[in-house]
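Visitor: sequence isn't available, so here's the structure alone:
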């Protein structure tokens, strides 16, 4: 994939969840709705952040969501609807390269069903 990648170019979205159950609900819904091809989770992430004027520390679950750029807007909307946080983390990062067969699979999994 290059700078002139097609509009369905692969991206990775990072989303944190407060616990494993919330992460599983988010991941399953996003995969079932074909907004992401795959969701991987890492429990036990320690986040330190400023919220409402205070420095907070929380143990969270980090979701790494693999999808396409054409799904970004719908993905962000859906995370906002489903997420228990008032302001959930949703960061979308471009994928510069990948195994062509995996990228093909990713695109297939995020295409709407006929």
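Guide: Received it, and whenever you're ready, just let me know what you need. The model shown is predicted, which means the values in this text are computed figures rather than measured ones.

Visitor: okay, CA-based contacts and neighbour counts for the rest of this
Guide: Noted.

Visitor: quick check: buried residues in the worst-scoring helix or strand of the chain on mean pLDDT?
Guide: Least confident helix or strand of the chain, by mean pLDDT, DSSP states H and E, is helix 100-110 with a mean of 93. By neighbour count on 16 or more other C-alpha atoms under 10 Å, the buried set for helix 100-110 is 103, 106-107, 109-110.

Visitor: closest one to residue 71 out of these, please.
Guide: residue 110 (7.6 Å; C-alpha to C-alpha).

Visitor: which residue packs closest to that closest one, ignoring adjacent ones?
Guide: residue 34 (4.7 Å; C-alpha to C-alpha, 6 or more residues apart in numbering).

Visitor: SS state for that neighbour?
Guide: Recorded secondary structure, residue 34: coil (DSSP: H, G, I helix; E, B strand; the rest coil).

Visitor: ok, it touching residue 109?
Guide: Yes - Residue 34 lies in contact with residue 109 (C-alpha atoms under 8 Å); the separation is 6.3 Å.

Visitor: quick one: the strands in the protein, in order.
Guide: Along the chain, counting by DSSP state E, strands occupy 10-17, 38-51, 54-68, 91-94.

Visitor: turn the ones you listed into CSV, columns for mean neighbour count, distance to residue 30 and mean pLDDT.
Guide: Listed next are those as CSV, based on neighbours: other C-alpha atoms under 10 Å; distance: least, C-alpha to C-alpha, whole Å; pLDDT from 0 to 100:
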stretch, mean neighbour count, distance to residue 30, mean pLDDT
strand 10-17, 22, 12, 97
strand 38-51, 14, 8, 96
strand 54-68, 19, 9, 97
strand 91-94, 14, 15, 96
